[in-house]
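Enquirer: next one to model:
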Amino acid sequence: MLKNRLLLLAGIVFFLISCQAPKTVWNIQDYGAKGDSLTLNTAFIQTAIDECSEAGGGTVLIRDGIYVSGTVLLKDNVTLKVDEGAQLIGSDNPGDYQTIDPFTDAVGQQRGKCLIGALNAKNIAISGKGIIDGRGELFKREALAKCMRKLKLDESRLNEFVNNRPFLLRFVKSSRVTLTDISLRQPAAWTCHFFQCNDILVDGITIYSHAHKNNDGIDLDSSKDAVIKNCTIDSGDDAICFKTTSPVATQNVQVSNCRLKSDWGTIKFGTESMGDFRDISITNCYIHETRGGGIKILSVDGANIDNIKMDSIQMEKVDMPIFIRLGERLRTYRDAPKQEVGSINNVTISNVVATTWDLEESRVSPPSGIFMTGTKNHPLGAVKLENIQIYLPGRGTKEQAKVIVPEDEEKYPEFSFFGVLPSYGIMGRHMETLRISNLVIQTEAKDERLPVVMLNVQNQQVVEAKINGEQYQIQ
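Expert: Numbers count the residues shown, from 1 in each chain. Sure, this is the predicted structure:
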């Protein structure tokens, strides 16, 4: 009898302790969500997020199924976990997406919608080995028009929905943001946008983004104190892009051990560049099969770019490996006042091995290795190139060696818009200080263009350069 009473008492005590234990996991299935790829689960997921945050935080769990949703907003202290085998996919109804902090981007399109967002949140995360898929192909004009007819939506809004396509993830004015392991796929616009955020960690995520136009991978916009590492990105537009669509700087960023592929540019500063870029390092990255430039450093809207270090970068099959441009476009965003022309200074690029595309596959044919240019009134500052090896197809002509490259100070800063350069190796123009050490340029076939063209470069310091196997003095 005593033994039974003790067992009963122990059971009661265990029950009471269990009831008092804090809840740590909010399973969206408990709120009515269905992973049947048909049910719209926005409200169920948002309720789980809200209750999780109100209780002090924890994990909102998505598991076992394919869950359709419109915009959900993360709240303080919430981790959204998508388990392996589970998918969160975007709704095909454009009316299911919210706009947060709207703005107009560099190509004049309205932005602000997203599948998963956060505004003024802190200590938030997305994790798990599952998939978040924006189904961006549904936002192409014909597919979207068909869907709107099916849903009996006002078809006069078609252009509005086409021009304001949802990002996949969008974090605005938030802090302590973490993304780990998750697979991000096929947004209708940018994949992952951080605006005026700080204390960011992106580790081990995978991005595949080719469903529509403007399919950037990761955009750090007026954000600071960020680490991006161990990521694999295959994007239709820029893979990792530093932006400033406000006068607030993007600064103190470390990128390392990433594998990057793009149809436009893999590592890019700009083109939206109102605020400064400073104290940014990129190391041990592999760039491959890129239809645009490998490294693009662009200040055209007033940004002062300073203390940029890139080291140990391997490139295979890229167009122009290195493009640096200081321009005078001076576009404004978010009703901010127009900035003065900016600057580019203290840029060091070291230990780079790059191979360009063949002639038939190059956007500019024949390609060149490096193009660096300021403007007549605003030269580039100090640029240092150390241990750079670039392999090119060659086959440029004597006529191409006579090309006069336009200034185009106020135009969109894209290397391909300048056309074929008179140099196959390096062209530098309007620069204050250029330091080159151990530069190797090799062409597969003879190139009748000049190996090096320097125009209005005030201070050149060359330790060693080798062009097609011969020592070369840059003058």
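
Enquirer: same for the longest strand along the chain, what does it pack against?
Expert: As assigned by DSSP state E, the longest strand anywhere in the chain is strand 423-443. Judged by 3 or more C-beta pairs under 8 Å, 6 or more residues apart in numbering; DSSP states H and E, strand 423-443 is in contact with strand 370-373, strand 380-392, strand 450-462, strand 465-467. Yep, even glycine has a C-beta here, placed from its N, CA and C like the rest.

Enquirer: let's see it as PDB, backbone CA atoms only.
Expert: Extracted in PDB, the C-alpha atoms of strand 423-443 (Å, rounded to 0.1, in the frame of the first residue of the first chain):
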ATOM      1  CA  SER A 423      43.900  46.200 -73.500                       C
ATOM      2  CA  TYR A 424      43.500  42.500 -72.800                       C
ATOM      3  CA  GLY A 425      45.300  42.500 -69.500                       C
ATOM      4  CA  ILE A 426      44.700  45.700 -67.500                       C
ATOM      5  CA  MET A 427      43.200  49.000 -68.200                       C
ATOM      6  CA  GLY A 428      43.500  51.700 -65.600                       C
ATOM      7  CA  ARG A 429      42.100  55.200 -66.000                       C
ATOM      8  CA  HIS A 430      41.800  58.300 -63.700                       C
ATOM      9  CA  MET A 431      43.600  56.800 -60.700                       C
ATOM     10  CA  GLU A 432      45.800  58.300 -58.000                       C
ATOM     11  CA  THR A 433      47.800  55.300 -56.800                       C
ATOM     12  CA  LEU A 434      48.100  51.800 -58.300                       C
ATOM     13  CA  ARG A 435      50.400  49.200 -56.700                       C
ATOM     14  CA  ILE A 436      51.000  45.900 -58.500                       C
ATOM     15  CA  SER A 437      53.000  43.000 -57.200                       C
ATOM     16  CA  ASN A 438      53.500  39.700 -58.900                       C
ATOM     17  CA  LEU A 439      50.900  40.000 -61.700                       C
ATOM     18  CA  VAL A 440      50.700  37.300 -64.300                       C
ATOM     19  CA  ILE A 441      48.600  37.700 -67.500                       C
ATOM     20  CA  GLN A 442      48.500  34.800 -70.000                       C
ATOM     21  CA  THR A 443      46.600  34.400 -73.300                       C
END
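
Enquirer: tell me which of the helices and strands packed on strand 423-443 sits most buried.
Expert: Among the helices and strands packed on strand 423-443, ranked by average contacts under mean count of other C-beta atoms under 10 Å, first place goes to strand 370-373 (a mean of 25).

Enquirer: that one: how far from the chain's middle?
Expert: Distance of strand 370-373 from the chain centroid (C-alpha atoms, centre = their mean, to the nearest Å) equals 22 Å.

Enquirer: contacts only, for residue 65.
Expert: 34, 35, 36, 37, 86, 87 (C-beta atoms under 8 Å, 6 or more residues apart in numbering).

Enquirer: change it to 10 Å
Expert: 28-29, 33-37, 39, 41, 83, 85-88 (C-beta atoms under 10 Å, 6 or more residues apart in numbering).

Enquirer: pLDDT-wise, which helix or strand of the protein ranks last?
Expert: Least confident element among the helices and strands of the chain, by mean pLDDT, DSSP states H and E: helix 2-20 (a mean of 50).

Enquirer: domain-wise, how is the chain divided?
Expert: 26-215, 243-251+272-475 (automatic domain parsing).
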